[in-house]
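**Q** Predicted model and sequence follow; I will ask about them next.
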Amino acid sequence: DTLMHYLLDELHCYENDHSNALALDSHEANGLFTGKATLVQPASTEELCMAHASLTADVASLKTDVATLQTDMAGLHTNVREISQQLSMVTQVLVSISAHSASTVCCPGADNTRTFSTSGPVL
């Protein structure tokens, strides 16, 4: 019984072992791009020209994409600078209003001669 278990275990390991998966037999490699048959013969001039044309087109496309991104980033930089300037102006106006409101606050409908001190901006 132990011997049978051992033999079945070995058979299972033999059938499911993938340690030699990349070392294809020559009859399996003929139809595969990465098989041994493609490594034995060099690429043809036509194949090299096609690969070169494809790579050249990809590089040209990447250059166009990079140029577009650079233009977009320059526009964003300008927009961020303008927004920052506008926020700075709004902050100055708010500080001015806050400073003016902190000195005197008039209550509508009451005696407007009273002066109140506030610790922050009045909204």
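**A** Good, I have the coordinates. Numbers count the residues shown, from 1 in each chain.
**Q** which sections of this protein are below the confidence cut-off?
**A** Applying pLDDT under 70 to the predicted model, the residue ranges of the chain that meet it are 18-41, 102-123.
**Q** can we see that at 90?
**A** Within the chain, the segments meeting pLDDT under 90 span 1-45, 47-48, 96-123.
**Q** now the helices for it?
**A** Secondary structure of the chain (DSSP state H): helices at 2-16, 26-29, 36-40, 45-103.
**Q** Next, format these as a markdown table and append mean neighbour count.
**A** From N, CA and C alone the C-beta is placed, and that goes for glycine too. Formatted as a markdown table, the helices of the chain follow (neighbours: other CB atoms under 10 Å):
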| stretch | mean neighbour count |
| --- | --- |
| helix 2-16 | 9 |
| helix 26-29 | 12 |
| helix 36-40 | 12 |
| helix 45-103 | 10 |
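**Q** any idea how far Glu46 is from Leu8?
**A** If you measure Leu8 against Glu46 using CB to CB, to the nearest Å, the figure is 53 Å.
**Q** Please name the residues that touch Val59.
**A** Taking CB atoms under 8 Å, 6 or more residues apart in numbering as the definition of contact, Val59 has no neighbours.
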